[in-house]
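Visitor: Make a model of this:
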Amino acid sequence: MKTPVHDAHVKAGARMVPFAGFSMPVQYTGIVDEHMAVRTRAGLFDVSHMGEIIVEGAGALDYLQNLTCNNVARLEVGRAHYTGLMLPNGAFVDDMLIYRLADRRYLAVVNAANLDKDRDWFLNHTQGFDVNVEDQSAAYGQLALQGPEAPAILSQLTTTDLSAMRYYSFAETEVDGVGCIVSRTGYTGEAGFEIYAPADATARLWESLLGAGAPSGLIPVGLGARDTLRLEASMALYGNDINDTTTALEANLGWIVKMKKGDFIGRDSLARQREEGLARKLVGFEMEGRAIARHGYPVLREGREIGTVTSGTFAPFLEKSIGMAYLPAGMWEPGTHFEVGIRNRTAPAVVVPTPFYKRG
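Guide: Residues are numbered from 1 along each chain as shown. This next block holds a predicted model:
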């Protein structure tokens, strides 16, 4: 499949790759160049492959409370939050954002690779709730404008007071005359916005934003830099750092688990795990030399394999090799040393606090 911006990517000379059923740009001028543009100026991402599911009805709140681990009741209209779509074992069907559009209307934004199973999970759990669930992914395009210059760039195309928008807030407004949802969110650790637009207007918005941002150094950015940016910010990637076997507590995402809100799918398993203690937890690490850890590399201590690297890369802005891995109890404290197996040798690594990068 193609996103609404596909032709613009090809015209700009992007290297296109298949991703989650879509033809997507992995890079334009190069991953390091694009990464540094986002950290120092601004970058524009096409994320129209993401899935959008509308949940509405008198029972929408209770329904989402049952499916997810965060407390949807605390969302006011105009606010969003990060949460997990949960399995009975306390692990993830997916991670996602939920936006409260109106009193009884919500938007769930899910990972493209998981859209089919997420939609089925939503639809298979409607019994007993007065709710309507509709996959509207084809109707939406989504662009992410990220970086320190993002507010100044976007303000040229909208009358909305962007300076008044808090993190995880949003506004239904116009951008360059197009009705959009402008969300103060992102997957880079930078100031920025995610813009949900009608699919047939997304390509025009892409060009408008690039034009408005050109004097500020805005450039298009592909999936490659999106991955290095999110790892510097210690943001989990489904399929790497979290999946249907990793619980929210193990994934160091206890801050999105609201046990006091009442029952939800997976609550019993998480309560039991919290009481008994974790056997493993996702931690961040740095390589102590020039070696680069990659996804799937073994983690060892005293020659014994104790885990696997879930994400790893050379971090362009930090100028060091970083990664994340699940380590057993007793090895979570910063300063703990271990080794990463790289081909036929091992390289030293050390646990460090996360996030690796925090803006400003």
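
Visitor: Tell me, how many residues neighbour L123?
Guide: By the measure other CB atoms under 10 Å, the count of residues near L123 is 12. All C-beta atoms are positioned from the backbone trio N, CA, C, and that covers glycine.

Visitor: got the contact list for it?
Guide: V133 (CB atoms under 8 Å, 6 or more residues apart in numbering).

Visitor: same thing with R359?
Guide: G189, E190, A191.

Visitor: Can you lay out those as CSV showing distance to W206, neighbour count and pLDDT?
Guide: Converted to CSV, the contacts of R359 look like this (distance: CB to CB, whole Å; neighbours: other CB atoms under 10 Å; pLDDT from 0 to 100):
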residue, distance to W206, neighbour count, pLDDT
G189, 23, 22, 97
E190, 19, 23, 97
A191, 20, 20, 92
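
Visitor: what about R304, distance to G217?
Guide: 48 Å (CB to CB, to the nearest Å).

Visitor: which of the two has more neighbours?
Guide: The neighbour count for R304 versus G217, taken as other CB under 10 Å, is higher for G217 (14 against 8).

Visitor: how many neighbours does the nearest residue to the more buried one once chain neighbours are set aside have?
Guide: Closest residue to G217 apart from its sequence neighbours, by CB to CB, 6 or more residues apart in numbering: R41 at 3.7 Å. Other residues near R41 come to 17 when the count uses other CB under 10 Å.

Visitor: pretty sure R41 contacts V221?
Guide: No - counting by CB atoms under 8 Å, R41 stays clear of V221, with 10.9 Å between them.

Visitor: So for these two, which residues contact both of them?
Guide: By CB under 8 Å, 6+ apart, no residue touches both R41 and V221.

Visitor: would you say L85 is within a strand?
Guide: Yes - L85: assigned to a strand according to DSSP: H, G, I helix; E, B strand; the rest coil.

Visitor: Next, the closest residue to it other than its chain neighbours: secondary structure please.
Guide: Spatially, and ignoring its direct neighbours in sequence, L85 is nearest to V93 (4.2 Å; CB to CB, 6+ apart). Per three-state DSSP, the local secondary structure of V93 is strand.

Visitor: Identify the residues contacting V93.
Guide: V93 touches G84, L85, M86, L87, N114, K117, D118, W121, D244, counting by CB under 8 Å, 6+ apart.

Visitor: Same list (the residues you listed) but as a markdown table, adding pLDDT, neighbour count and distance to L318.
Guide: Shown next, in a markdown table, are the contacts of V93 (pLDDT from 0 to 100; neighbours: other CB atoms under 10 Å; distance: CB to CB, whole Å):
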| residue | pLDDT | neighbour count | distance to L318 |
| --- | --- | --- | --- |
| G84 | 98 | 27 | 28 |
| L85 | 98 | 25 | 31 |
| M86 | 98 | 26 | 33 |
| L87 | 98 | 17 | 34 |
| N114 | 98 | 21 | 29 |
| K117 | 98 | 15 | 34 |
| D118 | 98 | 20 | 33 |
| W121 | 98 | 18 | 37 |
| D244 | 98 | 13 | 31 |
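
Visitor: quick one: the helices in the stretch 151-300 of the chain?
Guide: Secondary structure of the stretch 151-300 of the chain (DSSP state H, counting those that start in this stretch): helices located at 202-213, 223-232, 267-276.
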